[in-house]
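[1] need the 3D shape of this:
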Amino acid sequence: MAIKINTQKTEIPVQLGELTFTIDASDESMNKLNKTYKQFKEEAQSMQSKENYEEDLEQSRKMLKGAYDALLGKGSFEEVYNQTPSLLLLADYFVQICESLDEEFKKMGIKKSQADKAKKYLKNNKK
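    Numbering: from 1, shown residues only. Predicted structure coming up:
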């Protein structure tokens, strides 16, 4: 008798209004996403102290474009901006996506820790 285990995809669908994107949740991509979010937070915090709003707006656009394109794929910023032409709202969406991804990764982590326990159990029983 064969043991059958269903595998899971490492893709997480993200729907933003009428747009749908897919995020790769592989280990390598998770590290990249974490770095992207940290960079986004650092840049956003450094911008809060500036006084020039026009310069701020352009820098915000560049920052969000880089973050969206890294997270959702090249060209995603323009698609989302065409749907919602507000950098303030796009920044809010980006934070919501990252927070939701964090929850998804935690769910995946629970399964991973269960697998780690099973490996440890099997290793100990071989002795």
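[2] all contacts plus neighbour counts: C-alpha atoms, from now on.
    Will do.
[3] next, count neighbours for the closest residue to residue 70 other than its chain neighbours.
    For residue 70, the nearest residue in space outside its immediate sequence neighbours is residue 36; the separation is 7.1 Å by CA to CA, 6 or more residues apart in numbering. Around residue 36 sit 18 other residues, with neighbours defined as other CA atoms under 10 Å.
[4] check what contacts the helix or strand harbouring residue 36 and list those residues.
    In this structure, residue 36 sits in helix 27-47 according to DSSP states H and E. The set of residues that contact helix 27-47 without belonging to it, under CA atoms under 8 Å, 6 or more residues apart in numbering, is 24, 56, 60, 63-64, 67, 70-71, 98.
[5] same thing but 7 Å
    When contacts are defined by CA atoms under 7 Å, 6 or more residues apart in numbering, helix 27-47 is touched by residues 56, 63, 67, 71.
[6] likewise stretch 77-87?
    Counting by CA under 7 Å, 6+ apart, the neighbours of stretch 77-87 from elsewhere in the structure are 61, 65, 68-69.
[7] mind redoing it with 8 Å?
    Residues external to stretch 77-87 that are found in contact with it (CA under 8 Å, 6+ apart): 16-17, 19, 60-61, 64-65, 68-69, 90.
[8] keeping just the C-alphas, turn it into PDB.
    Presented in PDB, the C-alpha positions along stretch 77-87 are these (Å, rounded to 0.1, in the frame of the first residue of the first chain):
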ATOM      1  CA  PHE A  77       2.600  49.300  -9.700                       C
ATOM      2  CA  GLU A  78       1.300  50.900 -12.900                       C
ATOM      3  CA  GLU A  79      -1.700  48.500 -13.000                       C
ATOM      4  CA  VAL A  80      -2.600  49.200  -9.400                       C
ATOM      5  CA  TYR A  81      -2.000  53.000  -9.800                       C
ATOM      6  CA  ASN A  82      -4.200  53.000 -12.900                       C
ATOM      7  CA  GLN A  83      -7.000  51.400 -10.800                       C
ATOM      8  CA  THR A  84      -6.400  53.600  -7.800                       C
ATOM      9  CA  PRO A  85      -4.500  56.800  -8.600                       C
ATOM     10  CA  SER A  86      -3.500  57.700  -5.100                       C
ATOM     11  CA  LEU A  87       0.000  57.000  -3.600                       C
END
